[in-house]
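Peer 1: turn this into a model:
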Amino acid sequence: MKILPEEVVPIDTVLVLNGKFSHRIKSNQTGIYLLQFSDTLFIAFIASPGDKLVLSADANNMKQTCDIRGNEETKLLMENQRKLESLYEQTKRLSSEFIQSTYRDNFDSVRMVLDSIYTVNFKAHKAYLTNFILSHPDKLASLMAFYQLLGNNAFFRMEEEHALLDSIYPMLSNTYPNNIYIDNLKEQLTEYD
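Peer 2: Numbering: from 1, shown residues only. Purely as a prediction, here's the structure:
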């Protein structure tokens with residue numbers, strides 16, 4: 001599947017034989033793609049014309065073992081995905097503790113502690129993403145980092161924090177001239193000028 005600015009479009013299917021597959025993406029510009037292995041398991045990657053990417057993973061533990069080699073963009077994207085997955089795991093543990101403490105006498109104080117831990121974790125991840133974006137201002141992985149979600153919660157809101165994207169737009173447009181994602185970003189940013 002290809003992730004476009006406004007939608008995700010199926011582009012092809014891949015047949016896995018003996019645990020291996022090969023596929024070519026025909027595109028004249030860098031794009032963001034998803035491999036879907038099941039209803040809940042997706043692997044995102046970024047590919048440019050001429051890239052040769054190699055994916056390796058244990059099918060029984062795809063999220064933890066997936067490694068895609070071949071370009072820096074995908075390496076950076078995977079770094080972000082692993083950080084987010086770690087945050088999801090921490091959040092699941094907090095949620096489990098919340099549910100277990102629902103009927104305890106000290107529920108209100110436990111809830112306050114859990115809420116504050118969640119807030120600290122959320123803010124720490126947002127700080128990580130901000131640093132990541134500023135450290136890689138010419139990478140599509142940084143644009144994806146800006147739009148990262150934790151469940152339904154956005155780390156950044158365009159209307160409040162578009163200045164961060166304003167700061168990296170010149171480098172992105174130099175690296176990716178005439179790219180659908182960067183053109184869309186330009187349109188979004190003009191709404192806030």
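Peer 1: now the helices for this structure?
Peer 2: With DSSP state H as the criterion, the chain has helices at 62-65, 72-100, 107-135, 140-146, 158-175, 180-190.
Peer 1: what's in contact with the shortest one?
Peer 2: I take that to be helix 62-65. 37, 41, 43, 56-58, 85 (CB atoms under 8 Å, 6 or more residues apart in numbering). No exception for glycine: its C-beta is placed from N, CA and C like everyone else's.
Peer 1: what of the fourth one?
Peer 2: Helix 140-146 has contacts (CB under 8 Å, 6+ apart) with 30, 32, 44, 46, 73-74, 76-77, 80, 129, 132-133, 136, 155-156, 164-165, 168, 172, 176, 181-182, 185.
Peer 1: gap between it and the chain center?
Peer 2: Relative to its parent chain, helix 140-146 has a centroid offset of 7 Å by CA atoms, centre = their mean, to the nearest Å.
Peer 1: again, but for stretch 93-111
Peer 2: Going by CA atoms, centre = their mean, where stretch 93-111 is centred and where its chain is centred differ by 30 Å.
Peer 1: ok, stretch 159-175 next?
Peer 2: Mean-position distance between stretch 159-175 and its chain equals 17 Å (CA atoms, centre = their mean).
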